[in-house]
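Chemist: All I have is the shape, not the residue letters:
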Ligand SMILES: Cc1cc2nc3c(=O)[nH]c(=O)nc-3n(C[C@H](O)[C@H](O)[C@H](O)COP(=O)(O)O)c2cc1C
């Protein structure tokens, strides 16, 4: 009997982005609800996971997923006029996901100084500091 079981497919290569941005002047902080309501189902069906942190003024988002999907999403997010001054602090290939639970976790940062400090970092420094702070964020579902 020939083996008709499907050939296991190799997992898609993963990629991650960490960026900072500012809420656009024209926007109210309530825009976050609309952003998450659309982002979550999209992310869930496209294998995108991560965490969005917002302090009322500044965003910080860590996104991970299949390279092609996460690069395309990063392009759309960068073009989104609801925020400005977007700067990618870190990007690179990823061996294993860092987030499992979320289509897109959301946390409100309590301390604006903490976000201001984070936003000055770049590269691996930025990534390590963000990851170290993760347990201190008040993650809401
Ligand atoms: C701070 C911020 C974070 C966002 N995060 C996501 C996200 O994780 N997933 C997503 O699908 N859209 C996210 N969006 C929305 C996208 O920018 C964009 O509106 C959405 O992908 C729909 O794209 P379109 O308007 O070109 O169709 C985010 C927007 C902002 C301002």
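Modeler: Alright, I've got the coordinates. Just so we're clear, the structure is a prediction, and the values are computed from it rather than from any experiment.

Chemist: Going by C-alpha atoms from here, please, whenever you check contacts or count neighbours.
Modeler: Will do.

Chemist: mind checking which helix or strand of the protein has the lowest mean pLDDT?
Modeler: Least confident helix or strand, the chain: strand 138-140 with a mean of 78, by mean pLDDT, DSSP states H and E.

Chemist: neighbouring strands for it, and are they parallel or not?
Modeler: Strand pairing for strand 138-140, determined by DSSP bridges: strand 105-108 (antiparallel).

Chemist: Give me the contacts around the next helix or strand along the chain from the strand it pairs with.
Modeler: As assigned by DSSP states H and E, the chain's next helix or strand after strand 105-108 is helix 112-118. Helix 112-118 has contacts (C-alpha atoms under 8 Å, 6 or more residues apart in numbering) with 55, 58, 60, 109, 126, 129-130.

Chemist: Go through the longest helix along the chain and flag the buried ones.
Modeler: What stands out as the longest helix in the chain, according to DSSP state H, is helix 31-45. By neighbour count on 16 or more other C-alpha atoms under 10 Å, the buried set for helix 31-45 is 32, 36, 40, 43.

Chemist: What separation do you get for the first one and residue 26?
Modeler: Right, residue 32. Separation of residue 32 from residue 26 (C-alpha to C-alpha, to the nearest Å) stands at 13 Å.

Chemist: How many neighbouring residues does the residue nearest to residue 100 when sequence neighbours are not counted have?
Modeler: Nearest non-adjacent residue to residue 100, counting by C-alpha to C-alpha, 6 or more residues apart in numbering: residue 49, 7.1 Å away. Look at residue 49: counted by other C-alpha atoms under 10 Å, it has 24 neighbours.

Chemist: just residue 95 next, same as before
Modeler: When neighbours are defined as other C-alpha under 10 Å, residue 95 has 10 of them.

Chemist: OK, contacts around it?
Modeler: Contacts of residue 95 (C-alpha under 8 Å, 6+ apart): 13-14.

Chemist: Need the phi and psi values for it.
Modeler: Per-residue torsions, residue 95: phi -80, psi -40 (degrees, to the nearest 10).
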